[in-house]
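Student: pasting the sequence and the predicted coordinates here, then a few questions.
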Amino acid sequence: MKTRAITAFFFTLVMLGSVFLGPYAFTIFYLLLSLLALREFYNLIKTAGIKAHQGLGLAISAAVFLITASICFWNLESSYFVLLIPLMFSVFVITLYQHQDNPFTSIAYTFAGIIYVTVPFCFFYALGFAFTEQEFNFHLPLAFLLMLWASDTGAYLFGRKLGKTKLFERHSPKKSWEGFFGGVFTSVLVAYIISLIFTELSAPVLMGMAVLVVSFGTLGDLVESMLKRSLNVKDSGTLLPGHGGLLDRFDGLLIGAPIVFTYLYLILK
């Protein structure tokens, strides 16, 4: 418990620092974080004997993130994403010259990792720029993190005291509907408080965002649990003592960030 608390303390400081220290620190931190999380995904599937193209997958991931960052920073045309096409098809060509029993399984998991890990981190990163005319603003990324943490805290406290009805026992036997609605309550409350401080967005918009963060964050948690159960592992990694790996900590972001970005785009654009 002591190790878990110490890790949580420093993890929180690092996460807050990543949004408060400006656009360059924000960019470098989430580029490295997305690459480490993808590497963790590739190492995780190795336990099932699946060998993805880790080097190429990481290269494509870095390219996707850097092009996204360039669009956010310098208003680069999104058409530059076509530069990814040679990299993507090189996965097929390289597999052709390798001796593998299930070559398309390797190809599929290479791209699955990029879609599951890198793309959501790009959407989260874009929250800092997308609605501020290419000027970095930490309000939305910070709000997302605070809502997600409030959701986890509320779900744990309400679930521990009141939890009786299982939410999705097959993939996560400890989660309950009471905990879920407790997470919604605490996250919406935090969203309202945020609206009093960051006044560029109205309380209803932020509270709607909170509901999405909790709903799709919970689904992200269940999806990651499904992945681990299919591989028969407890944690996605060991990078965070007492907490497991990066995928364990950011599972709520992986599905929540793209949905929240879409919601805000439709509301604000």
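Tutor: Thanks, I have the structure now.

Student: stretch 224-234: how far from the chain's middle?
Tutor: 17 Å (Cα atoms, centre = their mean, to the nearest Å).

Student: need the contact partners of it.
Tutor: Residues outside stretch 224-234 that contact it (Cβ atoms under 8 Å, 6 or more residues apart in numbering): 44-45, 47-48, 171-172, 235-236, 244, 247-248, 251, 254. Where you see a C-beta, it was placed from the backbone N, CA and C, and this is true even at glycine.

Student: redo these as CSV? Include secondary structure, distance to Gly55 and neighbour count.
Tutor: Output for those, formatted as CSV (DSSP: H, G, I helix; E, B strand; the rest coil; distance: Cβ to Cβ, whole Å; neighbours: other Cβ atoms under 10 Å):
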residue, secondary structure, distance to Gly55, neighbour count
Leu44, helix, 17, 21
Ile45, helix, 15, 20
Thr47, coil, 19, 11
Ala48, coil, 20, 13
His171, coil, 31, 17
Ser172, strand, 33, 17
Asp235, coil, 24, 15
Ser236, coil, 20, 24
Gly244, strand, 25, 20
Leu247, helix, 20, 25
Asp248, helix, 24, 19
Asp251, helix, 25, 24
Leu254, helix, 22, 26
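
Student: can you list those residues in CSV and add pLDDT and distance to Phe198?
Tutor: As requested, the contacts of stretch 224-234 are exported to CSV (pLDDT from 0 to 100; distance: Cβ to Cβ, whole Å):
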residue, pLDDT, distance to Phe198
Leu44, 92, 36
Ile45, 92, 39
Thr47, 86, 42
Ala48, 84, 43
His171, 71, 35
Ser172, 73, 32
Asp235, 79, 34
Ser236, 83, 32
Gly244, 79, 31
Leu247, 92, 29
Asp248, 89, 29
Asp251, 90, 26
Leu254, 95, 24
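
Student: could you dump those to CSV with distance to Ser34?
Tutor: Shown next, in CSV, are those (distance: Cβ to Cβ, whole Å):
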residue, distance to Ser34
Leu44, 15
Ile45, 17
Thr47, 21
Ala48, 23
His171, 24
Ser172, 25
Asp235, 19
Ser236, 14
Gly244, 18
Leu247, 11
Asp248, 16
Asp251, 14
Leu254, 11
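
Student: between these, which is nearest Phe136?
Tutor: Taking Cβ to Cβ as the measure, Leu254 is the one of the contacts of stretch 224-234 closest to Phe136, at 22.7 Å.

Student: and the closest one, what does it touch?
Tutor: Shown in contact with Leu254 (Cβ under 8 Å, 6+ apart): Tyr116, Val117, Pro120, Gly220, Val223, Glu224, Leu247.

Student: send the alpha carbons of whatever helix or strand the third one lives in over as PDB?
Tutor: Spelled out, that is Pro120. Per DSSP states H and E, Pro120 falls inside helix 119-126. Only the C-alpha atoms of helix 119-126 are listed here, as PDB (Å, rounded to 0.1, in the frame of the first residue of the first chain):
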ATOM      1  CA  VAL A 119      -4.500   7.300 -31.900                       C
ATOM      2  CA  PRO A 120      -6.200   7.900 -28.500                       C
ATOM      3  CA  PHE A 121      -3.100   9.700 -27.200                       C
ATOM      4  CA  CYS A 122      -3.100  11.900 -30.300                       C
ATOM      5  CA  PHE A 123      -6.800  12.800 -29.600                       C
ATOM      6  CA  PHE A 124      -5.900  13.600 -26.000                       C
ATOM      7  CA  TYR A 125      -2.900  15.700 -27.100                       C
ATOM      8  CA  ALA A 126      -5.100  17.600 -29.600                       C
END
